[in-house]
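[1] Below is the sequence, then the predicted model.
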There are 2 protein chains.
Amino acid sequence: MAKPKKQPRPKAVTPKGFRDYFGEEVTQRTEMLRKIAGVYHRYGFDALESSAVETVEALGKFLPDVDRPNEGVFAWQEVDENDKGDWMALRYDLTAPLARVYAQHRNDLPTPYRRYAMGPVWRNEKPGPGRYRQFYQCDADTVGTASMAADAEICAMLSDTLETVGIPRGDYLVRVNNRKVLNGILEGLTADNDKARSLPTSFPEMLDTKVTDLEFIDPDAVLRTIDKFDKVGAGGVLELLTTGRKDQSGAFIDGVGLSEEDASRVVRFMQSKGKDNRETLSNLKSLMGEESLAAHKEHGVYNAGLEGIEELEAIANLLEAQGYGPDRIVIDPSVVRGLGYYTGPVYEAELTFEIFDEKGRKRQFGSVAGGGRYDDLVKRFTGQEVPATGISIGVDRLLAALREKGRIAAQATGPVVVTVMDRDRMADYQAMVAELRNAGIRAEVYLGNPKNFGNQLKYADKRNSPIAVIEGGDEKDKGIVQIKDLILGAKIAESATLEEWKERPSQFEVPRGDLVAKVREILDNQD
Amino acid sequence: MAKPKKQPRPKAVTPKGFRDYFGEEVTQRTEMLRKIAGVYHRYGFDALESSAVETVEALGKFLPDVDRPNEGVFAWQEVDENDKGDWMALRYDLTAPLARVYAQHRNDLPTPYRRYAMGPVWRNEKPGPGRYRQFYQCDADTVGTASMAADAEICAMLSDTLETVGIPRGDYLVRVNNRKVLNGILEGLTADNDKARSLPTSFPEMLDTKVTDLEFIDPDAVLRTIDKFDKVGAGGVLELLTTGRKDQSGAFIDGVGLSEEDASRVVRFMQSKGKDNRETLSNLKSLMGEESLAAHKEHGVYNAGLEGIEELEAIANLLEAQGYGPDRIVIDPSVVRGLGYYTGPVYEAELTFEIFDEKGRKRQFGSVAGGGRYDDLVKRFTGQEVPATGISIGVDRLLAALREKGRIAAQATGPVVVTVMDRDRMADYQAMVAELRNAGIRAEVYLGNPKNFGNQLKYADKRNSPIAVIEGGDEKDKGIVQIKDLILGAKIAESATLEEWKERPSQFEVPRGDLVAKVREILDNQD
């Protein structure tokens, strides 16, 4: 490496892919997270704040070589007495640290362990528009129980959370699916190729075959394909699952190689949502394939699909008992996103109201949270399998949704600004703001150079200040203050006629003793 | 570097020097920071959350060489298209990022810019007991004004903050000093050595001499010495400032080399706190030295000490006007800590109540916040001098103080636990917790294996649960539930006689419909 060059001045820039958050951007997020934490707390979840730094080993990545830090994470090597120590990295999510913490403290933690975590995570990725290398996650997980009651609870909590932060009922839907059901469908598939034809098809042979050994069909290819449902529709998915399809540009996309019949079963699976949960579950059952259902019934052969359906049924019953109807939480087999990662139930919270996208087209706001069951969490540390289930809320997306719905102001009102007319009477002005603050009103004295009064009003404008207070020598002598309604003033300046201006003055002269009352009155009228 | 060895299992350990925070440790800190933010907001301060990552260049450290990351910070080199990019680092405080942010966004930010910031910072230091490499800071600064009103405001805000989080008036004191006053004293010093004797002593010559050119006395040595005041007392400091002193072990510590007279002036400076601010200021003035005061008066020679005294006077007047008396904020020249770093007023908030230290000795709780004016903040980025002043609250120490004062519980009560007597009736139990939660009561169903009821009660104990709810088949048939007051139960088990046990049952049988009301009643009695 070259010797550092002498630089007279460092550049004042946020590192590439990072950003700073100002004012309301910070406080609104903090407030939203506080409300979410309140719901989680009521559900018996405990806060956990793990260190931002983990050993690379614990994060489950391969050790990076010395010249190229671990891709995906920000990593560095510790310096110890032997000069080189462990590789460390910033956490890239809140789940890997949970696994480490649970494995480390499992004897001290309750089982099951319900925990929530909120905080920044870091990704060493190429930044893009709206894509940052540091962002917030907000997770809740239950570790140590395989009970579907844990999954139902997470869904109920997610529903409560959305309503608590300000998404009204009817504007969101928590949709539940189960990875095992799709597994069941995939197990019943026969690929339209030679390998598939060599599979045992009669029942006695099947008993000796692990039906999940489906190397001949790539389940991920099926997952990737059905994930395109929204884009290419049922017909497109059918083509892609079988022989392939020409896309819009004319390029040909190879098919996955399923038979027409199997492909249509996959599509029917995705479309099997009925008028209520009962009908959906019955639709799913009828998709499982008579042969494998019979094998299960008569010979007890494990059937992933059936187990998945039973799990969905258990969740639906538990939610019904707690009063969470399908207007809030519903079984929907079309939920696919991230399915590959999970081992059981998966959930997704979607906001169903429409917004205009950057091209002016209407579309649903879409997903703000998702999760599911993943049962291999702690195994890599301890060797023991520990079942777990949880959700992650997209903090920035949910905040954006609340702004979209007008539940939080895009720009909040600034403080009342007490201007400085007489530099020597700073104590008087400080006494005014002290009074205002003691009445719970956000207020500040102008602390810049007071010579140019115009600059003070420009400052108030920049602060988005609702009110300016003025007390010059004349006012002081008369025992009064001038109170300027800056919001009304701006409105009048924009549109009012002279008549209106006269009728609705935006500046008021009040006795000094009435300062707080008058400011309060104006603020109340502005709301 | 050696190739990574195959490891069957990663170790589940927090990286050395880091720690995890559980439950109340997290929520109590969050709640305290929320209260602090409320006060800062009312004072017109805006939140700022800068990225945790900064370029090493912006942090103002020298580029590390490739093998040894920058000492003091956690740093790594970016990988860009040329393979090697900028060095990045985790921020080590919240002030350096403020400087970068202000320099970068100064045209968009109001001037003056009042901002607060709260969050973790990272230090690549050798960890020790109670010393972590990641910890919280909580700062408030005003950038862009040299007005003493900004300093007074910070002191008032600090006082309000302490009372708001739960430190009662009388249990804390914000003490204010000024670096310039000590500078003034130092300027008047004549070291008891040859160099000092060669200094001009008559006035015309002094005009041509920069009086701050005091290489012959090391001001830092004076600072370090007076910082030992608490340990060695006035006599010890006198010895150390002059010819030296034998410490307890018998070792001789060299003196700084001041004359007896000058040393006693320094000690008098530290002890010049009078019965009120007015007397303190007058004591300070009399210390300045007639000669330099005369030079200032008659010839306008800059006098740092006098300027410092005037600044303290301005702060005292402003605070008095706002009603902050010396029971809350007081001028105290014995405030030394960190003095070297600052350029003007310095403040320190001390908690004055007594605690027992780890050796069982009584001592004052001590400092929980400190700060001051530092005017070189942004200069290294822009070349322009930008005055700034601010404070930093020791988040962990203030939390510890609140626990010490019993203002927050060391261990909070856990959730009500609804036990599972009948695995098939999970929906019933979930309905119970839903009712409890809807009434605002923290509650959860036992989600572990319900077979062993003893394990369920052990779980409730581990959760620090106040109440367990039990509904077996018999209860269900009779339409009742059993409600167990676990806190009373534990008390009785510990100390009660059989008679008392009979008189005060800790388990209640109530109609199912009275579940919420009875739980509420027991919780209210437990408080």
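    That came through, no problem. Numbers count the residues shown, from 1 in each chain, chains lettered A, B, ... in the order given.
[2] Can you report how many residues neighbour A:Asp46?
    A:Asp46 has 22 neighbours, counted by other Cβ atoms under 10 Å in any protein chain shown. Any C-beta I mention is one placed from the backbone N, CA and C, and that applies to glycine too.
[3] Sorry, slip of the keys, the one I care about is A:Glu348.
    Look at A:Glu348: counted by other Cβ under 10 Å, it has 24 neighbours.
[4] got the buried residues for the helix or strand in which it is found?
    Assigned by DSSP states H and E, A:Glu348 falls within strand A:345-356. Neighbour-count burial for strand A:345-356 flags A:345-351 (criterion: 16 or more other Cβ atoms under 10 Å in any protein chain shown).
[5] Could you do stretch A:251-267 as well?
    Using 16+ other Cβ under 10 Å as the test for burial, stretch A:251-267 gives A:255-259, A:262-267.
[6] First-to-last residue distance for that stretch?
    End-to-end distance for stretch A:251-267, by Cα to Cα, to the nearest Å: 23 Å.
[7] chain center to it, what's the gap?
    Between the centre of stretch A:251-267 and the centre of its chain there are 33 Å (Cα atoms, centre = their mean, to the nearest Å).
[8] Tell me which residues touch the residue of the stretch 101-250 of chain A found nearest chain B, please.
    At 3.6 Å from chain B, A:Ala103 is the closest residue in the stretch 101-250 of chain A, using Cβ to the nearest Cβ. With contacts defined as Cβ atoms under 8 Å, 6 or more residues apart in numbering or on different chains, A:Ala103 is in contact with A:378, A:381-382, B:12.
[9] Check the gap between the closest residue to A:Ala47 other than its chain neighbours and B:Phe356 for me.
    In space, and not counting its chain neighbours, A:Ala47 is closest to B:Val26: 3.7 Å by Cβ to Cβ, 6 or more residues apart in numbering or on different chains. From B:Val26 across to B:Phe356, the span is 27 Å (Cβ to Cβ, to the nearest Å).
[10] so what's A:Glu125 up against?
    Contacts of A:Glu125 (Cβ under 8 Å, 6+ apart): A:17, A:72, A:131, A:133.
[11] let's go with 6 Å and repeat that
    Not one residue lies near A:Glu125 by Cβ atoms under 6 Å, 6 or more residues apart in numbering or on different chains.
[12] near chain B, which residues of the stretch 301-450 of chain A show up?
    Residues of the stretch 301-450 of chain A lying close to chain B by Cβ under 6 Å from any Cβ of the partner chain are A:317-318, A:321-322, A:381, A:415, A:426-427, A:430-431, A:434, A:437, A:442, A:444, A:447-448.
[13] Please enumerate the strands of the stretch 301-450 of chain A.
    Remark: strands assigned in the stretch 301-450 of chain A by DSSP state E, counting those that start in this stretch are A:329-331, A:345-356, A:362-373, A:388-393, A:416-418, A:443-445.
[14] Listing partners with orientation, what would you give for the last one?
    Same thing as strand A:443-445. Using DSSP bridges, the strands paired with strand A:443-445 are strand A:416-418 (parallel).
[15] next one: the partner strand to chain centre, how far?
    37 Å.
[16] Next: stretch A:232-242.
    Mean C-alpha position of stretch A:232-242 versus that of the full chain (Cα atoms, centre = their mean) differs by 30 Å.
[17] Restricting to C-alpha, output that stretch in CSV.
    Output of stretch A:232-242 as CSV, limited to C-alpha atoms (Å, rounded to 0.1, in the frame of the first residue of the first chain):
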residue,chain,number,x,y,z
VAL,A,232,-46.3,-13.7,-15.7
GLY,A,233,-49.6,-15.0,-14.4
ALA,A,234,-50.9,-18.6,-14.2
GLY,A,235,-50.3,-19.2,-17.9
GLY,A,236,-46.8,-18.0,-17.8
VAL,A,237,-46.0,-20.1,-14.7
LEU,A,238,-47.5,-23.1,-16.4
GLU,A,239,-45.2,-22.6,-19.4
LEU,A,240,-42.1,-22.0,-17.3
LEU,A,241,-42.8,-25.1,-15.1
THR,A,242,-43.0,-27.3,-18.2
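[18] ok, and what's touching it?
    Contacts with stretch A:232-242, where a contact means Cβ under 6 Å, 6+ apart, come from A:225-226, A:229, A:245, A:255-256, A:258, A:260, A:263, A:266-267.
[19] try 8 Å this time
    Residues outside stretch A:232-242 that contact it (Cβ under 8 Å, 6+ apart) are A:192, A:222, A:225-226, A:228-229, A:245, A:253, A:255-260, A:262-264, A:266-267, A:270-271.
[20] What about the residues you listed, which are in helices?
    If you go by DSSP state H, those have A:222, A:225-226, A:229, A:260, A:262-264, A:266-267, A:270 in helices.
[21] And the residue nearest to the spatial centre of chain A, its phi and psi?
    Among the residues of chain A, the one closest to the centroid is A:Gly394, at 0.7 Å (Cα atoms, centre = their mean). A:Gly394 adopts backbone torsions of phi -80, psi 100, taken as degrees, to the nearest 10.
[22] Need the nearest residue in space to the residue in the stretch 251-400 of chain A positioned nearest to chain B, chain neighbours excluded.
    Residue nearest to chain B within the stretch 251-400 of chain A: A:Ala321 (3.4 Å; Cβ to the nearest Cβ). Once flanking residues are discounted, A:Ala321 sits nearest to B:Ala427: 3.4 Å by Cβ to Cβ, 6+ apart.
[23] Tell me, how many residues neighbour the one you found?
    Other residues lying near B:Ala427 total 16 when counted by other Cβ under 10 Å.
[24] how near is it to A:Met148?
    Remark: distance between B:Ala427 and A:Met148 (Cβ to Cβ) = 11 Å.
[25] re the thing from before, the residue of the stretch 251-400 of chain A closest to chain B contacts B:Gln430, correct?
    Yes - using Cβ atoms under 8 Å, A:Ala321 is in contact with B:Gln430, at 5.8 Å.
[26] the more surrounded of those two?
    Shown here are A:Ala321 and B:Gln430; by other Cβ under 10 Å, B:Gln430 has more neighbours (24 against 18).
[27] got the contact list for the more buried one?
    Per Cβ under 8 Å, 6+ apart, neighbours of B:Gln430: A:149, A:152-153, A:318, A:321-322, B:445.
[28] What pLDDT is listed against the residue of the stretch 101-250 of chain A closest to chain B?
    According to the predicted model, the pLDDT of A:Ala103 comes to 95.
[29] For it, which phi and psi angles does the backbone take?
    Phi and psi for A:Ala103, reported as degrees, to the nearest 10, are phi -60, psi -40.
[30] what's the answer for A:Asp375, then?
    Dihedral pair for A:Asp375: phi -100, psi 10, per degrees, to the nearest 10.
[31] The stretch 351-500 of chain A: helices as residue ranges?
    A:379-382, A:395-404, A:426-438, A:453-462, A:473-478, A:486-495, A:498-503 (DSSP state H, counting those that start in this stretch).
[32] Can you give me the buried ones in the third one?
    Yep, that's helix A:426-438 we're talking about. Across helix A:426-438, burial judged by 16+ other Cβ under 10 Å covers A:426-437.
[33] hey, C-alpha coordinates of it in CSV?
    C-alpha atoms of helix A:426-438 as CSV (Å, rounded to 0.1, in the frame of the first residue of the first chain):
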residue,chain,number,x,y,z
MET,A,426,-30.6,37.8,26.4
ALA,A,427,-31.6,36.9,29.9
ASP,A,428,-35.1,38.2,29.2
TYR,A,429,-35.4,36.1,26.1
GLN,A,430,-34.1,33.0,27.9
ALA,A,431,-36.7,33.6,30.6
MET,A,432,-39.4,33.6,27.9
VAL,A,433,-38.3,30.2,26.5
ALA,A,434,-38.0,28.8,30.0
GLU,A,435,-41.7,29.7,30.6
LEU,A,436,-42.7,28.2,27.3
ARG,A,437,-40.8,25.0,27.9
ASN,A,438,-42.2,24.7,31.4
